[in-house]
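>>> here are the coordinates; sequence isn't available:
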């Protein structure tokens, strides 16, 4: 159960790399800007803030990965195969297993793409003027 909690925490941290971090820094810079045509200051705040936040979250994911390894004793995820697909001679360990960090980052990219698709088709609205 603890390993599952750590995995979900890693997934949320990785998902924030594509969503919460860039959006929050753009929001912060928009509140600091006084005009619609700012100079380089707000852009620099976004660039530095995003890079610093991503470095921090990457460090956090690494620490959570170390915690996952201490809990489970491995950093690899076991392949999930139904029993009816296994051969009677299938005793050797399967090659090509993924690490926890790889699975977390792949899942976060897929979730971010799904969130972008849902937003684009359901909530973004039409860019075409109605008048």
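Arrived safely. Since we're looking at a predicted model, the values are computed, not measured. Numbering: from 1, shown residues only.

>>> what's the spacing between residue 61 and residue 116?
Note on residue 61: its distance to residue 116, by Cβ to Cβ, to the nearest Å, is 21 Å. C-beta coordinates here come from the backbone N, C-alpha and C atoms, glycine included.

>>> For the residue nearest to residue 29 when sequence neighbours are not counted, what is the enclosing helix or strand?
Distances taken as Cβ to Cβ, 6 or more residues apart in numbering put residue 42 closest to residue 29, at 3.8 Å, once the chain neighbours are dropped. Using DSSP states H and E, residue 42 sits within helix 40-72.

>>> mind listing what's buried in the helix or strand following that helix?
Reading on from helix 40-72 to the C-terminus, the next helix or strand found by DSSP H and E is helix 100-118. Using 16 or more other Cβ atoms under 10 Å as the test for burial, helix 100-118 gives 100, 101, 103, 104, 105, 108, 111, 112.

>>> tell me what helix 100-118 is packed against?
If you count contacts as 3 or more Cβ pairs under 8 Å, 6 or more residues apart in numbering; DSSP states H and E, helix 100-118 packs onto helix 2-18, helix 40-72.
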